[in-house]
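Student: Task: produce atomic coordinates for the following.
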Amino acid sequence: MGVPFEALLPYGIMLAMFGITGGGLSQLRHMQNGGKRSRHSVDQWDRRDKRLTGFLRGQTDRPTAPPGFELNNPWKCESRFY
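Tutor: Have a look, this model is predicted:
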């Protein structure tokens, strides 16, 4: 005895929703990286590119930093006790 196709409809709907969700998340990650593939194990040196360009994967060829970059220091300096 065969399985009626109505019993397989929920599985088809779930499979379609997983596919749509996976494709949407992949497209979102692609857009967040500025149109480039995602990169793993990004360290603090690579986060400098985000401060310069606004994108984690962005790189610039300008020899000077943008205005206001000299005040945008991510390192916290300790206050000295003299």
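Student: Does the longest helix seen in the chain pack against any helices or strands, and if so which?
Tutor: Assignment by DSSP state H gives helix 9-32 as the longest helix of the chain. Judged by 3 or more C-beta pairs under 8 Å, 6 or more residues apart in numbering; DSSP states H and E, helix 9-32 is in contact with no other helix or strand. Where C-beta positions appear, they are placed from N, C-alpha and C, glycine not excepted.
Student: so how far is that helix off the chain centroid?
Tutor: 17 Å (C-alpha atoms, centre = their mean, to the nearest Å).
Student: which stretches of this structure aren't confidently modelled?
Tutor: 1, 56, 68-82 (pLDDT under 70).
Student: how about 80 then?
Tutor: 1-2, 33-34, 36-82 (pLDDT under 80).
Student: What is the neighbour count of residue 67?
Tutor: The number of residues packed near residue 67 is 7, by other C-beta atoms under 10 Å.
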